[in-house]
Structures are given as structure tokens and as C-alpha cells.
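coordinates for the following, if possible.
(one chain, ligands or ions: 2)
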Amino acid sequence: MPLLELYNLRKDFGGLRAVDDISLTVPQGAIIGLIGPNGSGKSTLIDLIAGSADLTAGKVIFAGEDISDLPADAVFHKGIARGYQEPALYFKMTVLDNLLLPVKGQRGEQPWYAPRHSAWQREERKHAEAAMEVLRQVQLLPHYDTLASDLSGGQMKLLEIARALMGKPKLLLLDEPTAGVAPKLAYDIFQQIARLRDDHGITLLIVEHRLEILFDFVDYVYVMHLGALLAQGSAAEIGAHATVREVYFGD
Ligand SMILES: Nc1ncnc2c1ncn2[C@@H]1O[C@H](COP(=O)(O)OP(=O)(O)OP(=O)(O)O)[C@@H](O)[C@H]1O
Ligand SMILES: [Mg+2]
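Numbering: from 1, shown residues only. Ligands and ions are numbered 1, 2, ... in the order given. Model (predicted):
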């Protein structure tokens, strides 16, 4: 059963059609790769799904519900979380505080410390326990008190994923989760991502340029080129696809 269905998505930036008539499905429990050359529209497609950009045309159906017109916070509450191509962490705060700060409805909307201790203590402890559990899932628990700025590049990427997990998503959208990370660590990150699916049932749509790693983990791959869908298939099929090789690898 598809968890996410996209129908004829389009996004125009003035005269530029960044996303051109994309239709695809993401089955429940799958790890799906989204690849394509630079500027082919992958991040824009993620923005459209996450509600961070308005659709020019098309439909986004999540768990059978039309979420096409929902803003980003409403999409997040429906169960879709995302990571960004450029992680935006609170670098001067600890790993744990990075997870606690964005917890639902608390980002500057309410005073962080309510005047009465008893009014917030239990809720705060619950959030802290949830955050520690998420840190355990991505193996950052030993670093809970480390400043985000002191983490390695790979650990920063994992912290970004951990932050997305705080919303208990059904679907996680990741935009280049291993960008700028050493190859060995990049493989570790993908192993952790696969565990989110295997142990926690989270469905994943992953944009990634490192195909040699991505292809080891995905159930299916979509290829974008100039905003449109160029090909789709298993990792083996896409790796051997002549047109994909031509536009993507310059073969
Ligand atoms: N906010 C924007 N305003 C105008 N044009 C944009 C905007 N965002 C993206 N674009 C353009 O849309 C096209 C697709 O960009 P997008 O970032 O989605 O590509 P991408 O596949 O994620 O590329 P990369 O692999 O380099 O991250 C590009 O031509 C880009 O310049
Ligand atoms: Mg991008």
C-alpha cells in the first residue's frame, strides 16, 4: 500500500520549471532513492512534499489524505519529517538541547521556563526521555552533552536525523544525508538509516549523490533530469540504464 502518492507535481520559479509533471509512489516501509544531476529538481520536490514550497500544480496524497495545500508545520504533524541538504543545527547548544528546542509548539511560542516548576517539570522530563531514546536510535547517546559544534560532520548529519525523529514521523525525507562525510562514515549513516526502517518501521525517501552507497540500501530508485522523471527501477536496473548513465555519469 502506498504511503505517499504524488500526482503530476509541478513547480515553476518564474519561467523556470524546476519540477515538471512528477508522479511517483512511495510504498509503506520502503527505502526509496531519488537521484539526478545537480539542479534536476530533487530538493524542490522534497520541499513540495514537506509543504515548504507551494505547488504550481499537482496533488500530494499521504496515507490516503490530500495534503497538497497544507503548510510545513501541518505536514510535519501528519507524520512527514525531513532533513535539509544544509543542516541547520544550533551549534552553540548541546546535542540534547538541539532535540529539545524544536519540540512541538515550543519554539519561541511559549516561555521556555514557565514560572511554576510543577507545571512544566513532568512534560520536560517526558521530552528529555524521548530525546534520549532518539539519540540511542542513532547512536549519539554518548554525546548527548557535547556541543553540536564539536561533533564530526557525520555526527552532525545524524543529529539532524535525530531531530527529525523527534516528531515520530511515518515518512522521513532526507536530502543528501551523507554530503561532506567521509566514505566509511557515510556507509555507517546509511546503516543507521536502514535500521530506522527495519526496527522502527519508518518509510524513507532519500536524495543522495553517492550512488555506490545508496544502491546498497534502496528498494527502488527514481531518477530526475531537468525537473522530470527520466527513469525508475531497482538499483540494478538504474545502474545499467543507458540514458541514466549518459545524463548522470556522462557515459
Ligand atoms: N527558490 C528558488 N527560486 C528560483 N529557482 C530555484 C529555487 N530553488 C531552486 N531553483 C532552481 O530550480 C532548479 C532545481 O533546483 P533543486 O535545488 O531542486 O535541484 P537539486 O536536484 O536538488 O540539485 P542539487 O543536486 O545540486 O542539490 C535549479 O535550476 C535551481 O536553480
Ligand atoms: Mg538539492
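
from the contact counts, what lies against the lowest-mean-pLDDT helix or strand in the chain?
Every helix and strand of the chain was ranked by mean pLDDT, DSSP states H and E. The lowest is helix 117-137, at a mean of 82. If contacts are counted by 3 or more Cβ pairs under 8 Å, 6 or more residues apart in numbering; DSSP states H and E, helix 117-137 sits against helix 95-100, helix 153-165, helix 183-200. (Each C-beta comes from the backbone N, C-alpha and C, glycine too.)

could you pull out the helices for this protein?
42-50, 72-78, 95-100, 117-137, 153-165, 183-200, 211-214, 235-239, 242-244 (DSSP state H).

what is the first one packed up against?
Other helices and strands packing on helix 42-50, by 3+ Cβ pairs under 8 Å, 6+ apart, are strand 2-13, strand 16-27, strand 31-35, strand 57-62, helix 72-78, strand 80-82, strand 171-175, strand 203-207.

what comes up buried for stretch 171-186?
For stretch 171-186, the neighbour count (16 or more other Cβ atoms under 10 Å) marks 171-179, 181, 185-186 as buried.

end to end on it, go ahead and measure it.
21 Å (Cα to Cα, to the nearest Å).

hang on, the earlier thing: need the least confident one among the helices of the chain, by mean pLDDT.
Least confidently modelled of these is helix 117-137, at a mean of 82 by mean pLDDT.

so what's the gap between that one and the chain middle?
Relative to its parent chain, helix 117-137 has a centroid offset of 23 Å by Cα atoms, centre = their mean, to the nearest Å.

phi and psi next, for the residue lying closest to M224 once chain neighbours are set aside.
Distance criterion Cβ to Cβ, 6 or more residues apart in numbering; nearest residue to M224, sequence neighbours excluded, is G36 at 3.6 Å. Main-chain dihedrals, G36, degrees, to the nearest 10: phi 160, psi 160.
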